[in-house]
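> I would like to see how this sequence folds:
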Amino acid sequence: MKQFKKIAVLGGTGKAGRFVIKQLLEKGYEVKALTRNPAKLTQSSRSLEIIQGDARDAETIHLLLKGCDAVISTIGPAIKTPDTCSIATGHVIDAAKRNKIKRYIELAGLAIDTPSDKKGFKTKLVVSIMKLFVPKIITDRQKAYGLLSGSDLDWTLVRSSMIELTDTRRVIKTSLYDSPGRKISATDLANFLVDELTNEKYIRKAPFISS
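Prediction:
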């Protein structure tokens, strides 16, 4: 698979995104990170370029992706703007085509449904609760998955269990059918997302992950 040098990151100031940027820099990548508030991005490196703006703006996404080789999105849910994920994903698809980028990795939750799913009782219970309390966000995530499925990107949609903000390393478990566990450390998750840049196993697939 193609080797990448510069990675565009959306959601870099979130609880998962900060760990992703850290892993990218440690592994020698150049990073171009989008944030509405640069003060929240605590990392400092010659290999880190910060783009200030909103993921809902098409030209901002185009500027972010310009000169990059691949994209990782860890955009989290937003109660006030629950359609942010699908809007950003649509902009990424368009900007990736303009910038000749194929590889795209997105972090999402357990609630997204795919044709291969065989969700067990525990996962279905968690998803039911999420759909009850944040239905617009779940609908938005599902719409983003639909956009990816209809695109020509080499995408991977990683469906994560609950994220623990810890550097603890454990054995990572994945499944295309059901969540293999209740939680994952932020470091394990970040490592998986970054490793997926050069892994073809889950291209155009949506693995569940835990550790």
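
> pLDDT below threshold where in this structure?
Residue ranges of the chain with pLDDT under 70: 1-2.

> could you rerun that using 90?
Within the chain, the segments meeting pLDDT under 90 span 1-3, 12-16, 36-44, 76-82, 130, 165-168.

> please enumerate the strands of it.
Using DSSP state E, the strands of the chain run over 6-10, 30-35, 48-52, 70-73, 103-108, 154-160, 162-164, 173-175, 183-185, 208-210.

> partners of the last one in the sheet?
The strands that strand 208-210 pairs with in its sheet are strand 154-160 (parallel), strand 173-175 (antiparallel) (by DSSP bridges).

> correct me, but K27 touches L193?
No: K27 is beyond contact range of L193, at 11.5 Å (criterion: Cβ atoms under 8 Å). Yep, even glycine has a C-beta here, placed from its N, CA and C like the rest.

> looking at the two, which one has more neighbours?
Regarding K27 and L193, a neighbour count based on other Cβ atoms under 10 Å identifies L193 as having more, with 26 against 12.

> mind checking how far the residue sitting furthest away from the middle of the chain is from S160?
Residue farthest from the centre of the chain, counting by Cα atoms, centre = their mean, is F121 at 25.4 Å. F121 sits 19 Å away from S160, taking Cβ to Cβ, to the nearest Å as the criterion.

> for L24, same thing?
Applying Cβ to Cβ, the value for L24 to S160 is 18 Å.

> over to V171?
16 Å.

> more neighbours: the two, which one.
With neighbours defined as other Cβ under 10 Å, V171 and S160 compare such that S160 has more, 24 against 8.

> what's the spacing between the more buried one and D94?
S160 is 26 Å from D94, by Cβ to Cβ.

> what of H62?
Distance, H62 to D94, using Cβ to Cβ: 8 Å.

> also S45?
29 Å.

> again with R159
Counting by Cβ to Cβ, the gap from R159 to D94 is 24 Å.

> those two: which is more packed in?
Using other Cβ under 10 Å, the more surrounded residue of R159 and D94 is R159, with 26 against 15.

> ok, that one touching L110?
Yes: counting by Cβ under 8 Å, L110 is a contact partner of R159 at 5.6 Å.

> between these two, which contacts overlap?
Residues touching both R159 and L110 (Cβ atoms under 8 Å, 6 or more residues apart in numbering): 179, 208.

> sounds good, over and out.
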